[in-house]
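**Q** Next one to model:
(2 chains)
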Amino acid sequence: MAGKAATRQLKTDGVTATSPVDGKRLDAAAIRRDFPVLDQTVHGKPLVYLDNAATSQKPASVIDTLVRYYESYNSNVHRGIHTLSVEATERYEEARLKIAAFIGAGSGQEIVFTKNSTEAINLVAHAWARKFLKRGDEIIVTETEHHSNIVPWQQAALHTGATFRYLPLRDHAAQFDLEGLRSLITDRTKLVAITHMSNVLGTITPVDDVARIAHDAGALLLVDGSQAVPHMPVDVTALDVDFFAFTGHKMLGPTGIGVLYGRADLLDKMDPFLTGGDMISTVTMERSTWNALPYKFEAGTPNIAQAIGLGAAVDYLETLGMESVRAHERELTQYAIEQLNAVDDLTLYGPDDASIKGGVLSFNIGDIHPHDLGQVLDSEGIAIRAGHHCAQPLMAALGVGSTARASLYIYNVEEEIDSLVTAIHKARKFFDGDA
Amino acid sequence: MLDDLYREIVLDHYKSPKNRGTIENPDIRATGMNPLCGDELELTVLLDGDTIREIKFDGHGCSISQASASMLTQEVKAKRLKEAEDLVNLVRGMFKGEVEVDVDELGDLEALQGIRQFPVRIKCATLAWNALQVGIDGHRNGEADTGSTTEETVFTEQNV
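**A** Numbers count the residues shown, from 1 in each chain, chains lettered A, B, ... in the order given. Below is the predicted model:
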C-alpha cells in the first residue's frame, strides 16, 4: 500500500488535504461493475486495461445515454420546432453547461464543442493565430508536447512568419522547468502552448505559475488538458488560462466530442474556423454574418449524441468527486512507480513522485522492444500502449525510439499493477532466455 | 498463440543476427522507417555485376523486424537482383497471407509464416523487404543512395 502519497498536502495539482479515509475514497471494485467492457477475458485471462491515456472505457450510464438519444429523441439541434428537436437541443445545451461548470468556465458561451482536442487546438491555431500573429512574434511550446500541440503551431508560424520556439526537456522532466520558461519567454512571445499533463511522462504542469509567467510577458496561454481533465480537478478560471482544450473519450465519454474553452472576449475577436450551416446569423448572396458565441465556432450538425454522452460522463465523474479520483490515482501511481522501479533493468521515465505525476507510466526494459513487450502482455490479457505516443520530439530527447506505457484510471486496482509486473518478468524470460 | 509468432528460430535471429552492420561504399543503400513504432532499418548492398555479393543491415526495431532483416540478408546473398526481387514478392505475399508458399523454398523464413495471424505485426516483418525493393528500384534508376522508404501506418484490428 502506498497510502502516504495520497494523504500528502498538495499544491501542484490543486488538491489539498485529501485523505483516502475521508469517506470519499473510491471503491474501484464497485466502479468496475459500472463498466461492461471490463468484464471479459482476453486470450483466456481477465482483461487488465492499462491504456487509459489512449482512451478510457465507458460506464453503462454513458452507453445508455447514447442509446436513449437514438431510441427516444434523435433529432437535429437548433433547428426544429418539433418536440424531439426541442428535447435534443435542451439536452445538448444542458451538456454544455455541465461541462462549463465542471471546468470552472464562466458560461456556456465559452465552451465550444469540437470533435477532439486536436480540432480544438487547430481552431485556435487558425481562428486566432492566423489572424493576430505577425512576423517577429513568438509561439512557445515544450518538447514534451503531444504532436497535436506542436504541429498546429509550426503551421501557424509558417503561415504568419511568427517564430516557433520550444522549451527543451530538462532532467527527463522530473518536474516542469519553470525557470527555463522564464528565460525563454520574451516580450515578443504572443502565445505559450503547453500540456497540463504529459501523455508520456505524466508530469503535471503547474499551470497557474505558467499563466503568471505568460501573462507577465504579455502572452496568452493555451493548455492542452486532454490528460488532466479526466484525472484531477480543473478550474480554468482559477488557473487563469486563456484557451483550454480537452477531449471526451479519455474521460469516460464517447469519441468524436472534444471541447475548446476560450475566454469570451478572445473568442469574440476571432474569425470563424469552419463556415456553413448553424454558425451564421444571416446569409445573403453577397455576404454573411456570424452567429453568437459559441455557435460561431460550431459549423454544421454537431456530434449531438456524443455531446450529451459527454455530459453523462461528467455526471459520473462528479458523483465520484474529482478530488477522490485524483487521490485514488495518486495512490495507485505511487504504488506502480515503486513496483516498476523494483524491476531489474527497467527504466521508468518522468517523475518518481506521484504528487507531481499523473497515472502515466512509460518505461523500457533492457533491450526488449516495446512492441515485443506489448505482444507478450497482450497474451496475458494486459492492454498497454507501445510506441512513440504521438510525441516523437520527446522520444528523441529521451534518446529512445519508443516506450511501453501503462496508464491508469478510476477502475484500476493494485492487483492489476501486480499482474503487469508478473507479465513483465515473463517477457524478460521470453526474450532474454534464461534471465 | 505467442509461440506461433515468436518461433525459436525467430528469437535466434533476433538474439544473434546475421550480417549486422554497414558496408562502406555500398552499391545500394536503403532505409526503411516505420513511423508508428519509430523503427529504423538500413540495408547496404555490395554488388558483383547484378549479383548480391554482400549485404548488411543496421538499425533498431522489434524482434520481428530484426529477425526478418537478418533472414533477408541470409537468403538474398549470392542471388541475382531479379531473383532477390522474386523472393521479395513471394515473402511479402506470404506475410500478408496472400500466397501459399512451398515451405521447403523458404529456409528459415518459414518460421515467420505465423505473422499472418498478427495483422498489426506484418509491417514489422515487411520493413526490411520493402527497403530492399526500394533499394533495387533506386539502383536501377541509377542512384547509389536511394533515400528512404516509409512504411504505411496500417491499423488492423486484431482477433482476440
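
**Q** what about B:Asp12, how many residues close to it?
**A** 15 (other Cβ atoms under 10 Å in any protein chain shown). Where C-beta positions appear, they are placed from N, C-alpha and C, glycine not excepted.

**Q** Please, which helix or strand holds it?
**A** Per DSSP states H and E: B:Asp12 is located in helix B:8-15.

**Q** any idea where the helices of chain B begin and end?
**A** B:2-5, B:8-15, B:63-76, B:81-95, B:103-106, B:122-140 (DSSP state H).

**Q** who wins for proximity to A:Gly277 among the ones you listed?
**A** helix B:122-140 (40.3 Å; Cβ to Cβ).

**Q** just to revisit the earlier point, find the one among the helices of chain B with the highest mean neighbour count.
**A** Most buried of the helices of chain B, by mean neighbour count (mean count of other Cβ atoms under 10 Å in any protein chain shown): helix B:63-76, with a mean of 26.

**Q** hmm, that helix in reach of chain A?
**A** Yes - with Cβ under 8 Å from any Cβ of the partner chain as the criterion, chain A is reached by helix B:63-76 at B:63-64.

**Q** Report the angle between that helix and helix B:122-140.
**A** Going by axes from the mean of the first three to the mean of the last three Cα atoms, to 10 degrees, helix B:63-76 is angled at 40 degrees with respect to helix B:122-140.

**Q** tell me, what residue is most central in the chain?
**A** Just going to use chain A. Centroid-nearest residue in chain A: A:Ser226, 1.3 Å away (criterion: Cα atoms, centre = their mean).

**Q** actually chain B
**A** Taking Cα atoms, centre = their mean, chain B has its central residue at B:Ala128, 2.8 Å away.

**Q** Hmm, that residue is touching B:Ser65, no?
**A** Yes - contact criterion Cβ atoms under 8 Å: B:Ala128 and B:Ser65 qualify, at 6.9 Å.

**Q** Need the residues touching each of these two.
**A** B:Leu41 (Cβ atoms under 8 Å, 6 or more residues apart in numbering or on different chains).

**Q** related to what we said a few turns ago, kindly present the helices of chain B as TSV, with separate columns for mean pLDDT and distance to A:Asp171.
**A** Below are these laid out as TSV (pLDDT from 0 to 100; distance: least, Cβ to Cβ, whole Å):
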stretch	mean pLDDT	distance to A:Asp171
helix B:2-5	86	38
helix B:8-15	92	33
helix B:63-76	95	32
helix B:81-95	93	42
helix B:103-106	76	50
helix B:122-140	92	33
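
**Q** What residues does chain B have near chain A?
**A** B:1-2, B:5-6, B:11, B:14-15, B:36-40, B:60-64, B:118, B:121, B:124, B:158, B:160.

**Q** returning to that earlier point: now the angle from the helix holding B:Asp12 to helix B:63-76?
**A** Orientation check (the same axes, to 10 degrees): helix B:8-15 against helix B:63-76 gives 90 degrees.

**Q** Doesn't A:Phe273 belong to a strand?
**A** No - with DSSP: H, G, I helix; E, B strand; the rest coil as the criterion, A:Phe273 is coil rather than part of a strand.

**Q** Nearest to chain B: which residue in the stretch 1-150 of chain A?
**A** Chain B sits closest to A:Val42 of the stretch 1-150 of chain A, with a gap of 5.3 Å, by Cβ to the nearest Cβ.

**Q** Many thanks, I have nothing further to ask.
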